[in-house]
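Q: sequence and predicted model, in that order:
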Amino acid sequence: MINKLFILAAVGSLFTLTSCLGGDDEPMNTVQSTCSIRSSSSGAVLYLDGGAIVYPTPESVYKLTGTANFGNAKRGIIQFNYADINMTQDANGTVIREAEVFGGNSIPTFDIMSKEEAIAKNVFSADSIFALSSLKEKNIWAYGGYLNVSYNATYYPNGSGGYFVPSLSAVYELDPKNERNINITLVLNKHGKKDGVVAGEGTILNSFDISSLRQHFPPSGFDSIHCNLHYLITEGLTSEVSKTIERSIAVKDLDYPWNK
């Protein structure tokens with residue numbers, strides 16, 4: 001399986017591309033992108049955020065992961081090369097075949113929870129909530145059934161030579177006054193003691209499966225929903241207050257890309 005990237009690595013842009021010359025002067029392109037991964041016995045398919053379907057070669061996948069596919073990874077930051085002749089356009093948009101993957105990391109994925117589920121799982125317990133002091137609108141995006149959040153967080157040693165990996169929970173509430181509105185609260189848990197010694201700080205990317213929200217927003221009537229993202233920020237030394245980022249999410253992005 002891909003080595004998991006939780007921390008100590010920058011997310012970078014969602015989609016970057018460079019060009020070079022491959023064998024026999026054939027134009028080659030190098031891409032890094034976040035994507036959804038669909039693995040099966042017949043191989044893996046990568047659905048890049050923002051579009052494009054990529055079919056990596058089984059040989060390159062095996063070289064990277066040691067298996068025939070990407071294991072249980074659902075999301076990832078993947079790097080690959082492809083030749084211009086292997087990129088085509090069809091009814092599904094851009095399709096890239098014979099891609100050679102050479103690097104990547106899996107992205108931790110979580111299910112979005114209703115408020116009732118979050119309460120049952122003690123997500124809102126006082127000792128489990130840490131302030132999320134650095135969150136930028138440009139680092140939050142929804143695509144293909146996932147809400148993605150990149151953020152910075154300090155982390156604590158676990159006493160065994162490693163560290164506790166911070167994680168977010170995403171909790172939603174529907175707006176009874178407006179069927180096009182949804183409130184999502186992001187709760188940061190560093191899984192350590194708040195008065196513990198900090199081991200360092202890193203950039204983390206988490207993806208939340210929002211496909212379950214599709215049942216609340218039927219395809220007819222409107223094509224986007226208004227989302228209020230709430231999270232805690234630190235003010236001064238002791239007090240914590242909430243902050244809100246407003247985003248529009250296309251209803252179609254509540255579905256996985258292979259269901260469109």
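A: It's in. Since the structure is predicted, the reported quantities are computational estimates derived from the model, not experimental observations.

Q: what is the burial count for Ser248?
A: Ser248 has 11 neighbouring residues, counting by other Cβ atoms under 10 Å. Using the backbone N, CA and C atoms, a C-beta is placed for each residue, glycine as well.

Q: my bad, should have said Thr65
A: Residues contacting Thr65 under the criterion other Cβ under 10 Å number 20.

Q: could you do Gly162 as well?
A: Burial measure for Gly162: 10 neighbouring residues, criterion other Cβ under 10 Å.

Q: tell me the phi and psi of it?
A: Main-chain dihedrals, Gly162, degrees, to the nearest 10: phi -110, psi -150.

Q: gap between it and Leu188?
A: Remark: distance between Gly162 and Leu188 (Cβ to Cβ, to the nearest Å) = 19 Å.

Q: same deal with Ala142?
A: Remark: distance between Ala142 and Leu188 (Cβ to Cβ) = 19 Å.

Q: cool, and Lys252?
A: Distance from Lys252 to Leu188, counting by Cβ to Cβ: 29 Å.

Q: which one's more surrounded, these two?
A: More crowded of Lys252 and Leu188, by other Cβ under 10 Å: Leu188, with 21 against 16.

Q: which outside residues touch the host helix or strand of the more buried one?
A: Secondary structure from DSSP states H and E places Leu188 in strand 181-189. Residues outside strand 181-189 that contact it (Cβ atoms under 8 Å, 6 or more residues apart in numbering): 112, 118, 123-124, 128-132, 135, 147, 149, 151, 153, 166-175, 213, 216, 225-232.

Q: where does this structure dip in pLDDT?
A: Where the chain drops to pLDDT under 70, the residues are 1-26, 219-220, 234-240.

Q: one more time with 50
A: 1-19, 21 (pLDDT under 50).

Q: please enumerate the helices of it.
A: Using DSSP state H, the helices of the chain run over 58-65, 115-120.

Q: got these as JSON lines, with distance to Ile77 columns?
A: Shown next, in JSON lines, are these (distance: least, Cβ to Cβ, whole Å):
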{"stretch": "helix 58-65", "distance to Ile77": "12"}
{"stretch": "helix 115-120", "distance to Ile77": "27"}
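
Q: out of the ones you listed, which comes closest to Pro257?
A: When the helices of the chain are compared for distance to Pro257 using Cβ to Cβ, the nearest one is helix 58-65, at 19.0 Å.

Q: in that closest one, what's buried?
A: Neighbour-count burial for helix 58-65, counted by 16 or more other Cβ atoms under 10 Å, picks out Ser60, Val61, Leu64, Thr65.

Q: the contacts of strand 181-189 in strands, which ones?
A: In strands, judged by DSSP state E, the following of those are found: 147, 149, 151, 153, 167-174, 225-232.

Q: just the buried residues of these.
A: Listed as buried from the ones in strands among the contacts of strand 181-189 are 147, 149, 151, 153, 167-174, 225, 227, 229, 231-232; burial here means 16+ other Cβ under 10 Å.

Q: on that earlier part again, now the strand holding Leu188, how far from the centre of its chain.
A: Here strand 181-189 shows a centroid-to-chain-centroid distance of 15 Å under the convention Cα atoms, centre = their mean, to the nearest Å.

Q: rewinding a little: going by distance to Lys260, which of the buried residues of helix 58-65 wins?
A: Lys260 has its nearest neighbour among the buried residues of helix 58-65 in Val61, at 24.1 Å by Cβ to Cβ.

Q: that closest one and Asp195: what is the separation?
A: Separation of Val61 from Asp195 (Cβ to Cβ): 45 Å.

Q: got it, and Lys260?
A: Per Cβ to Cβ, Lys260 is found 48 Å from Asp195.

Q: cool, and Ile184?
A: Per Cβ to Cβ, Ile184 is found 29 Å from Asp195.

Q: more neighbours: which of these two?
A: Remark: of Ile184 and Asp195, Ile184 carries more neighbours, 24 against 5, as counted by other Cβ under 10 Å.

Q: between the helices of the chain, which gets nearest to Thr203?
A: With Cβ to Cβ as the measure, helix 58-65 is the member of the helices of the chain nearest Thr203 (22.2 Å).
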